[in-house]
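1. What follows is a protein structure lacking sequence information:
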Ligand code: SF4
C-alpha cells in the first residue's frame, strides 16, 4: 500500500501540482492551501467548498498530519499555556502559547521529538532524539494552539523541543508556510529560529535569505566552558560560530540574538561578562540573559537578581545591547515536562527540565 501524501507539509504550488494528478484544476490546489495552511483544517470532510466526491477522494489518497491536545497547563497569571501535543504516531511534543500585555501572542514550537544535542542544562537533551517532525507537524502546533486559544498568533519562535537546524528542511518549510499569504501570514521578522550553533546550517540559512530572526544559544564566553555545557561546541567552536553569525547578519541585514542562560558560579561571574562582551563587540548582535530556572535533578543553581543585573551592566557597558528575559509561566514548566514523560510511549522516562520560555521576537 502506498503512503498517503501529507498535504499539511506542502506549499501551495505543490498542492496545485498534486491535485493536477487527480485531474483537478489549479484553483482546487489553492483552495486546499487556504484550508490547510490558512485555517488549519482538521479533516477533508470539513472543507465545505470542495465537492463531496473530491473530499472523499482526498481522504482515500491523502492525509493531514494533525496533532491533538493531550494536556494543557496554564500559568497562575494566565499569560502562558503549555501544551502537550500528540502526533499521529503517538509521539508527543511540547508547545507554549504566550500572551503579552502589549497584545502580542507568541507560539513557541518544537521541531523534533526529543533532542540529540545533549546540552547539560537541558533535560530534553537527556531523553535523546526520537525523530524529526515534518513541516506540517511543526505548523500544526500553531494551528492547534490558535484554535484552543480562540485568537490569532502574532509571533512564532522555534525554541521548543529539538534543535531546529538539525531538522533544517522541515524548519525552513514551516517558516515559509507560516509566513505565506495563504497560510497564517505571520510577518517574517516576527518568526525566530533558534540554534545551539550548527555552523554549516547557519550559513545555509543565511543563503536562503528567509529574513527571520536567528537566535543562537551561546551560554559561555570560552570553548572550554561552552564544550561542557553545549557538547556540539567541540565540533563548532565559538570562533567559527561567531563567524557564521557575522555572515548571517551581513547577508540578511538582521541582528543576531544570543541567548545566555545564567548558571550560578558556572558562567555568571564579572569575568565571564567581560569576556563575553569582548566576544560580541562589533557584531550586529543582541544579548538575551536567561536566569536559570532550577530543576532538582540537574546540578545548577539560579543566580540572584543582583548578580544578573551586574552581569547585564558589564556587557552593556561594552556597547552590546542586553535584555534579561522576563520569567513567564515558570510555575507550569516543570509540571509540563513531567506530563510529556508520562505520555510518550516507548521512551525512557526522564525528568525534563523546564524549557526556556522565549521572549517574543522583536
Ligand atoms: S537546549 Fe535545545 S539543543 Fe540543547 S539539548 Fe535542549 S532542546 Fe536540544
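-> Noted; the coordinates are in hand. Just so it is clear, the structure is predicted and the values come from calculations on it, not from any experiment.
2. What's the local residue count around the closest residue to residue 195 other than its chain neighbours?
-> Residue nearest to residue 195 in three dimensions, not counting chain neighbours: residue 165, with 4.4 Å by C-beta to C-beta, 6 or more residues apart in numbering. C-betas here are computed from N, CA, C, even on glycine. Neighbourhood size, residue 165 [other C-beta atoms under 10 Å]: 23.
3. Pretty sure residue 204 sits in a helix.
-> Yes: judged by DSSP: H, G, I helix; E, B strand; the rest coil, residue 204 forms part of a helix.
4. State the helix or strand in which the residue of the chain found nearest the ligand lies.
-> Residue nearest to the ligand within the chain: residue 125 (2.7 Å; C-beta to the nearest ligand atom). Per DSSP states H and E: residue 125 is located in helix 123-126.
5. Tell me how far that helix lies from the chain's centre.
-> Relative to the centre of its chain, helix 123-126 is centred 15 Å away, using C-alpha atoms, centre = their mean, to the nearest Å.
6. Same check on stretch 217-231?
-> The chain centroid and the centroid of stretch 217-231 are separated by 21 Å under C-alpha atoms, centre = their mean.
7. ok, what's across the strand from the spatially most central residue of the chain?
-> Against the mean C-alpha coordinate of the chain, by C-alpha atoms, centre = their mean, the closest residue is residue 158 at 1.6 Å. Beta-bridge pairing for residue 158 (DSSP bridges): residue 193.
8. show me the contacts for it.
-> By C-beta atoms under 8 Å, 6 or more residues apart in numbering, the contact list for residue 158 reads 108, 109, 111, 138, 164, 171, 174, 175, 191, 192, 193, 194.
9. Return the residues of this structure in contact with the ligand.
-> Residues of the chain lying near the ligand by C-beta under 6 Å from any ligand atom: 115, 117, 118, 119, 122, 124, 125, 161, 162, 163, 196.
10. Pull the most distant pair out of the residues you listed.
-> Spatial extent of the residues of the chain next to the ligand (C-beta to C-beta) is set by the pair 118 and 161 at 13.4 Å.
11. more neighbours, the two?
-> Shown here are residue 118 and residue 161; by other C-beta under 10 Å, residue 161 has more neighbours (27 against 15).
12. That one reaches residue 109, doesn't it?
-> No: using C-beta atoms under 8 Å, residue 161 is not in contact with residue 109, being 9.1 Å away.
13. Poorly predicted segments of the chain, please.
-> 1-2, 123, 295-296, 327-362 (pLDDT under 70).
14. what about 90?
-> Residue ranges of the chain with pLDDT under 90: 1-4, 75-77, 118-128, 282, 284, 291-302, 325-362.
15. how about the strands of it, start to end?
-> All strands of the chain, identified by DSSP state E, fall at 5-6, 62-63, 68-74, 80-86, 92-99, 105-108, 112-114, 129-132, 155-158, 191-195, 213-217, 256-262, 285-291, 322-324.
16. Make a markdown table from these and add distance to residue 40 to it.
-> As requested, those are exported to a markdown table (distance: least, C-beta to C-beta, whole Å):
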| stretch | distance to residue 40 |
| --- | --- |
| strand 5-6 | 14 |
| strand 62-63 | 15 |
| strand 68-74 | 13 |
| strand 80-86 | 13 |
| strand 92-99 | 13 |
| strand 105-108 | 12 |
| strand 112-114 | 21 |
| strand 129-132 | 21 |
| strand 155-158 | 13 |
| strand 191-195 | 17 |
| strand 213-217 | 23 |
| strand 256-262 | 28 |
| strand 285-291 | 30 |
| strand 322-324 | 32 |
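17. mind listing the helices for the stretch 201-350 of the chain?
-> All helices of the stretch 201-350 of the chain, identified by DSSP state H, counting those that start in this stretch, fall at 223-229, 238-252, 270-280, 305-317, 330-343.
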